[in-house]
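I'll drop the sequence and a predicted model, then ask my questions.
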Amino acid sequence: MRREITLLFWLSLPLVAHAEPSVPADWWKAPGSLASDDAKWRAKYLQQQKKVADAFAADLQQSQKTGKGMSYLDQGGVSPSWYKPPIVAQPFPGAYSAKLYDLAYSAFLQAHRLQDAYRLAYTAVLQRPDDRQWRQRLIQVSLWLGQREQALTQWTWLAQHGDAAASQQAITLAVSLSRPDLVVQLLSPAARAGTLSDAGWKSLIFAYGELGEPDKALTNIDAALQRGGPRRYLLEQKAYLSYQLGQVHQSLAALQRSAEIYGSTPQLAGEEARLLSMQGNYRLAFQALERARSAASLDDVPFWQLYALLAWEIHDDQAAFSAEKTLYLLGAASQYDLQRLVLLSGKENAQAAMHVAEQGWQRYHLPLFYFEAIYYAGAAQEWQKLGALLRQIPPDDPDGIRKYPAYWMAVGQWASSQGDDDRAGRAYAEVLRLNAEDELAQSNLLWMLIDHDRIAALRALLVGDTLHPAPGLRDVVANALERIGQSRAALYVHGSERKAQGITPQALLQQAGLWAESGSSGLAWSQRRQAAWQSFQALEREDWDGVQP
């Protein structure tokens, strides 16, 4: 079961505060109740989730407005709202005159004749290509008219001629217009000189990705690291790009180098742990998370999810239980987290396992969780809850729950707790109809008939080879044979049971009673004497053990 849950995780896949918060004993009843200040913690977590969602929505809206991520030249159908067809401008005839051109440009702007102002600036740039003022004017009127490609052309020229402000404007617009070739052209010199900022590296790496050349980005990063020494952002980007290129060992080495120099973070440790897990090094992966555990907060849900999984994988049940419980209380537990928490809780607290399984049933409506819930409800003797769970299955049974013996076993247990022996008997009979080898159903049915002295029913059931029952049924079969008066058969079964378990004084006395009922008073007397002798020896050993040397 443990292995199956682990394998299912890898189809989806990644722990909780470094010290588990003190939680109420009935933690399973109130998801979100982490401590006395649970409302504040829960609100903080939900606020963080909302911030992430709002940031994504804002980024999407900005992308739609600016066209970032779209292809400017290949619209593929409906153009975005900002798109304007390129203006085909014919240069003005005649020679350039500074005073005349300045006067005409001012006049065109005052008359709102932007098309003529664009044509004039375009002509001036053609005739005086080194005049930065006219290029700035052409940029201004181009933006007013939506001619973003023309503005990009002019900003690129200015950037290539030493204008730092124009360089930033050109890069931003080139990214927006999906022109990775220009981004690479503008940023590569700074990358080679070692003066590129982290934001610049991000744009450059993204541009190489759009060009399908991540290997060139990795080459530039390696050169920058060799020339300028370690740098956290570049090491992390090297790890990412190496992983994208299938170089897992190089990616892992970059992450470990960054952690060694700058210290680990929950995010960095999570990536390192995933790479180690890919290599099958689960213990090393868990150790990587352990090193960052003190830095992890309740907001680092992916970190704790991976922590819980790896703790489960290496059989550290205490760490796994702590992490899974906190994920459950935060409301961040996945289907597989709930499955693991049910198994871990059931070892010590059947009531907790029942509530967690019920949560899984309500959230995912999987029969697995339903059967776990009714099993642990019976184990915890929560008969009212078990009855409520059984009544949740509608008459048409769309999930086919009633096809499984576990359902009818729970019905039998619940009916027995309510004193409804007839219903319990029918339920156990249904279990045996579905699975004739179910020893628990056989045992429960026989004990119920014995307790209520249903001799006729016992005689009907005890047919065939009753002298050689399954090991788990020897005791109940022997008692059933004794109840219907087959003392010698009961003695035989009891004898095989005692051989398997060892003969105790209590067993000898029970055998003596059976021998007496079958008319063998001499054997009964011998058994009672042997039981008395064993009891005397046991008492004598206890007395000697209590004497201090």
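Nice, I can see it. Numbering: from 1, shown residues only.

for L245, give me phi and psi.
The phi/psi pair for L245 (degrees, to the nearest 10) reads phi -90, psi 10.

what residues does it make contact with?
Taking C-beta atoms under 8 Å, 6 or more residues apart in numbering as the contact definition, L245 lies against 214-215, 218. For the C-beta atoms, the positions are set from N, CA and C on the backbone; glycine is no exception.

nearest spatial neighbour of D198, chain-adjacent residues omitted?
Leaving aside its chain neighbours, D198 sits nearest to Y233 (4.4 Å; criterion: C-beta to C-beta, 6 or more residues apart in numbering).

so where does that neighbour fall, helix or strand?
According to DSSP states H and E, Y233 maps onto helix 232-244.

in that helix, what's buried?
232, 234-243 (16 or more other C-beta atoms under 10 Å).

tell me what it is packed against?
Contact here means 3 or more C-beta pairs under 8 Å, 6 or more residues apart in numbering; DSSP states H and E; on that basis helix 232-244 packs against helix 198-210, helix 214-228, helix 248-262, helix 266-278.

these two touch, right, E430 and W408?
Yes - judged on C-beta atoms under 8 Å, E430 makes contact with W408 at a distance of 4.3 Å.

who has more neighbours out of these two?
A side-by-side neighbour count of E430 and W408, using other C-beta atoms under 10 Å, places W408 first with 23 against 18.

wait, the more buried one touches L432, no?
No - contact criterion C-beta under 8 Å: W408 and L432 do not qualify, at 9.2 Å.

who's in contact with the helix or strand hosting T153?
Per DSSP H and E, T153 falls inside helix 148-160. By C-beta under 8 Å, 6+ apart, the residues outside helix 148-160 that reach it are 72, 82, 86-87, 125, 132, 135-136, 138-139, 142-143, 166-167, 169-171, 173-174, 176-177, 179, 182, 185-186.

just to revisit the earlier point, among the contacts of L245, who's most crowded?
L218 (21 neighbours).

that one contacts L241, doesn't it?
Yes - with contact defined as C-beta under 8 Å, L218 and L241 form a contacting pair (4.6 Å).

picking that back up, can you tell me which two in the buried residues of helix 232-244 are farthest apart?
Greatest spatial distance in the buried residues of helix 232-244: R232 and Y243, 17.0 Å, computed using C-beta to C-beta.

what angle sits between the helix or strand encompassing L186 and helix 214-228?
Secondary structure assignment for L186, by DSSP H and E: helix 180-193. Between the axes of helix 180-193 and helix 214-228, defined by axes from the mean of the first three to the mean of the last three C-alpha atoms, to 10 degrees, the angle is 20 degrees.

any idea of the mean pLDDT for helix 180-193?
Here helix 180-193 scores 86 as its mean pLDDT.

and stretch 127-143, by the same measure?
Mean pLDDT, computed over stretch 127-143, is 92.

next, the buried residues of the helix holding L186.
The neighbour-count check on helix 180-193 (16+ other C-beta under 10 Å) flags 180, 182-188, 191 as buried.

JSON lines for those residues, including distance to L386?
Formatted as JSON lines, these follow (distance: C-beta to C-beta, whole Å):
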{"residue": "P180", "distance to L386": "63"}
{"residue": "L182", "distance to L386": "69"}
{"residue": "V183", "distance to L386": "65"}
{"residue": "V184", "distance to L386": "67"}
{"residue": "Q185", "distance to L386": "71"}
{"residue": "L186", "distance to L386": "70"}
{"residue": "L187", "distance to L386": "67"}
{"residue": "S188", "distance to L386": "70"}
{"residue": "A191", "distance to L386": "67"}
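
so where's the stretch 251-400 of the chain uncertain?
Along the stretch 251-400 of the chain, segments meeting pLDDT under 70 are nowhere present.

that one: helices as residue ranges?
Remark: helices assigned in the stretch 251-400 of the chain by DSSP state H, counting those that start in this stretch are 266-278, 282-291, 301-313, 317-330, 335-346, 350-364, 367-379, 383-391.

same deal with the stretch 1-150 of the chain?
With DSSP H, counting those that start in this stretch as the criterion, the stretch 1-150 of the chain has helices at 2-12, 38-66, 98-110, 114-127, 132-144, 148-160.

convert the C-alpha atoms of stretch 211-226 to CSV, please.
The C-alpha trace of stretch 211-226 is given here as CSV (Å, rounded to 0.1, in the frame of the first residue of the first chain):
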residue,chain,number,x,y,z
LEU,A,211,15.2,31.5,-30.1
GLY,A,212,15.5,27.9,-29.1
GLU,A,213,19.1,28.4,-28.0
PRO,A,214,19.3,27.7,-24.3
ASP,A,215,22.7,26.2,-24.7
LYS,A,216,24.1,29.6,-25.7
ALA,A,217,22.6,31.1,-22.6
LEU,A,218,24.3,28.4,-20.5
THR,A,219,27.6,29.1,-22.3
ASN,A,220,27.3,32.8,-21.5
ILE,A,221,26.5,32.0,-17.8
ASP,A,222,29.5,29.7,-17.5
ALA,A,223,31.8,32.4,-19.0
ALA,A,224,30.4,35.0,-16.5
LEU,A,225,30.9,32.7,-13.6
GLN,A,226,34.5,31.9,-14.6
